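# Model the structure of this input:
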Amino acid sequence: MIQEEFAADPWKLLVATVFLNKTWGRNAIPTFRKVLERWPTPKDLMEADTDELVAMIQKLGLQSTRAIRLKELSRAYHEHPPRTGTLQLEHGKFARAPASLRERYPPELPSTCDSEADVSLALGGEAWPYPKTPISHLPGVGRYGWDSYRIFCTDNVTGTGSSDEWKRVQPSDKELCRYLTWRWAYEEGRMWASDVGPCGPVCEEWLQHQIRDELPRKA
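Model prediction:
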């Protein structure tokens, strides 16, 4: 995954997630690399000529929206980069955790709400905001970006070379789910499913099933 390549540079990883949102990787990644070649730092991209940026990413669609998102994200990252050990809660935006996570994460009340009822109303009936992260304050980053950061970047930002944060992520994106399935098997020797998390030791039957799923299917 492209996130593995840029795990040591969270800004580039987050920029990649903007490109991958609603776009096939085979189309998004070449354009992503061209943008990084033209504007290689957060400061460069936040100061990019908008018309030039829009023209470069036009073939991906949603070019005006993406351009604004990329520039706002880069400006916020340049001015307020994520800091190790500092958790942020994005103002006014929350991702509802699935039912399987309710026991794992206690409810957290945003500072703008006075009661759990207010949070429940804001979330459409469920008071289960996404766990706070060091990047939750960055604009233009949603569930896919948060999950990617927690899975790939926490080993680097902790300064210890290792972190268990990736084990706590329950992504909805199928590629992230596929990655975690194999990472749990390879590093922990455990089966993993997106709806329940780790669920037992790896067995030969399960491995064969995973391999079959990865093989290209005949038309």
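# what residues go with each domain of this protein?
Using automatic domain parsing, the domain ranges for the chain come out as 1-82+136-162, 89-131, 170-219.
# Check the protein for its longest helix and report it.
helix 63-79 (DSSP state H).
# for that one, what is the average pLDDT?
Averaged over helix 63-79, pLDDT sits at 95.
# Need the contact partners of that helix.
For helix 63-79, contacts defined as C-beta atoms under 8 Å, 6 or more residues apart in numbering pick out 10-11, 14-15, 18-19, 35, 41-46, 48, 50, 53-55, 57, 60, 137-141. To be clear about C-beta, it is placed using only N, CA and C from the backbone, and glycine gets the same treatment.
# If we use 6 Å, what do you get?
With C-beta atoms under 6 Å, 6 or more residues apart in numbering as the test, helix 63-79 has contacts from 11, 18, 42-43, 45-46, 50, 53-54, 57, 138-140.
# One more: stretch 17-32?
Stretch 17-32 has contacts (C-beta under 6 Å, 6+ apart) with 2, 16, 57, 60, 69, 70, 144, 145, 148.
# Check the offset of it from the chain's centre.
Distance of stretch 17-32 from the chain centroid (C-alpha atoms, centre = their mean, to the nearest Å) equals 14 Å.
# And that stretch, what's buried?
17, 18, 19, 20, 21, 23, 28, 29, 31, 32 (16 or more other C-beta atoms under 10 Å).
# just stretch 60-76 next, same as before
By 16+ other C-beta under 10 Å, the buried positions in stretch 60-76 come out as 60, 66, 67, 69, 70, 71, 73, 74, 75, 76.
# Dump these into CSV; add distance to residue 190 as well.
Output for the buried residues of stretch 60-76, formatted as CSV (distance: C-beta to C-beta, whole Å):
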residue, distance to residue 190
60, 37
66, 37
67, 42
69, 36
70, 37
71, 41
73, 35
74, 38
75, 41
76, 37
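# wait, which of the residues you listed is closest to residue 189?
residue 73 (37.2 Å; C-beta to C-beta).
# how about the strands in this structure?
190-193, 197-201 (DSSP state E).
# Can you pull out the residues in contact with the last one?
Yep, that's strand 197-201 we're talking about. With contacts defined as C-beta under 6 Å, 6+ apart, strand 197-201 is touched by 184, 190, 191, 192, 193.
# repeat that for 10 Å
100-101, 104, 167-170, 180, 184-185, 188-193, 206 (C-beta atoms under 10 Å, 6 or more residues apart in numbering).
# From those, keep the buried residues only.
Buried among those (16+ other C-beta under 10 Å): 101, 167, 169, 170, 180, 184, 185, 191, 192.
# As CSV, could you dump the C-alpha coordinates of stretch 143-150?
Taking C-alpha atoms only, stretch 143-150 is exported to CSV below (Å, rounded to 0.1, in the frame of the first residue of the first chain):
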residue,chain,number,x,y,z
ARG,A,143,-12.1,8.3,8.6
TYR,A,144,-9.9,6.9,5.9
GLY,A,145,-7.1,9.3,6.8
TRP,A,146,-7.4,8.8,10.5
ASP,A,147,-7.4,5.1,10.2
SER,A,148,-4.3,5.2,7.9
TYR,A,149,-2.4,7.5,10.3
ARG,A,150,-3.1,5.2,13.2
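# Give me the mean pLDDT for that stretch.
Averaging pLDDT along stretch 143-150 gives 94.
# Quick check: which ranges of this structure have low pLDDT?
Residues of the chain meeting the criterion pLDDT under 70: 84-129, 156-162, 214-219.
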